[in-house]
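Would you be able to build a 3D model of this:
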Amino acid sequence: MAGNLAGGIGGTARLFRRVSSWSIALAIVFILIGLFAIIEPGVAGLAATFLVAWLLVLAGIAHIVAAFRGGGAGRIVWDVLAGICFLVGAFYFFIHPLLGLGTLTLLLAAIIFVRAILEFMAYFRSRGEHGSGWLLVNGIITLLLAVLIWLHWPSSSVWAIGTLVGASLLMTGISRLMMGLATRHLLSHATV
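From the prediction side, this is the model:
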């Protein structure tokens, strides 16, 4: 019985080592892609535009397929129209990727602006609590970023999405790398 228990623990440790190795490898890929996106934000922005275009294609197809499930004439018409709108949007992004990138940049500025407003609301709701000042700082920085993107549009289309996607991928890669290394560290101490 003790042999089975030890074998089970050893098998689990090997599984965790394998998973942490894949996690570390994936983290390195995220870091490299993030660095590339920061170095070449225009290329990364165009890649994001094409990704959105393909997502719109999938959404359009899904709506058109859903129309064939039935559910009444109103639902069928709605799903077909929604599917056509998604496909037209995808077509626009594929045919005019730079204009699509500009459109996405304006949308990004609007989303960041709304995020800043929400940060300010969270600050005012919790301003008496310890550390709430960081919400205000985050709101101010977020608002400045939104205004910076908006005021420099359309030239901000060249750097905004690619840089922000790159920074996000870089931070995701670093956090995954740290988690994978921490798992490795714990496993080395647990199996000793």
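
What separation do you get for residue 93 and residue 138?
31 Å (Cβ to Cβ, to the nearest Å). Quick note: C-beta positions are derived from backbone N, CA and C, even for glycine.

Which of those two has more residues huddled nearby?
More crowded of residue 93 and residue 138, by other Cβ atoms under 10 Å: residue 93, with 23 against 16.

Show me what the helix or strand harbouring the more buried one packs onto, helices and strands only.
Assigning secondary structure by DSSP states H and E places residue 93 in helix 73-95. Identification of packing neighbours for helix 73-95 by 3 or more Cβ pairs under 8 Å, 6 or more residues apart in numbering; DSSP states H and E yields helix 41-67, helix 97-125.

Could you list the buried residues of it?
Residues of helix 73-95 classed as buried: 79, 82, 83, 86, 87, 89, 90, 93 (neighbour count, 16 or more other Cβ atoms under 10 Å).

Can you tell me which of the residues you listed is nearest residue 52?
residue 93 (6.1 Å; Cβ to Cβ).

Is that closest one in contact with residue 55, as I believe?
No. Contact criterion Cβ atoms under 8 Å: residue 93 and residue 55 do not qualify, at 9.7 Å.

in the helix or strand where residue 165 lies, what counts as buried?
Using DSSP H and E, residue 165 maps to helix 160-190. By neighbour count on 16+ other Cβ under 10 Å, the buried set for helix 160-190 is 160-166, 169-170, 172-173, 176-177, 180, 183-184, 187.

Please apply the same query to stretch 104-111.
104, 105, 106, 108, 109.

one step back: tilt between the helix holding residue 165 and helix 97-125?
60 degrees (axes from the mean of the first three to the mean of the last three Cα atoms, to 10 degrees).

and helix 160-190, what does it pack onto?
Contacts defined by 3+ Cβ pairs under 8 Å, 6+ apart place helix 160-190 against helix 2-39, helix 41-67, helix 97-125.

Format those as CSV; extra columns: mean pLDDT and distance to residue 74.
Output for the helices and strands packed on helix 160-190, formatted as CSV (pLDDT from 0 to 100; distance: least, Cβ to Cβ, whole Å):
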stretch, mean pLDDT, distance to residue 74
helix 2-39, 75, 43
helix 41-67, 91, 11
helix 97-125, 89, 29
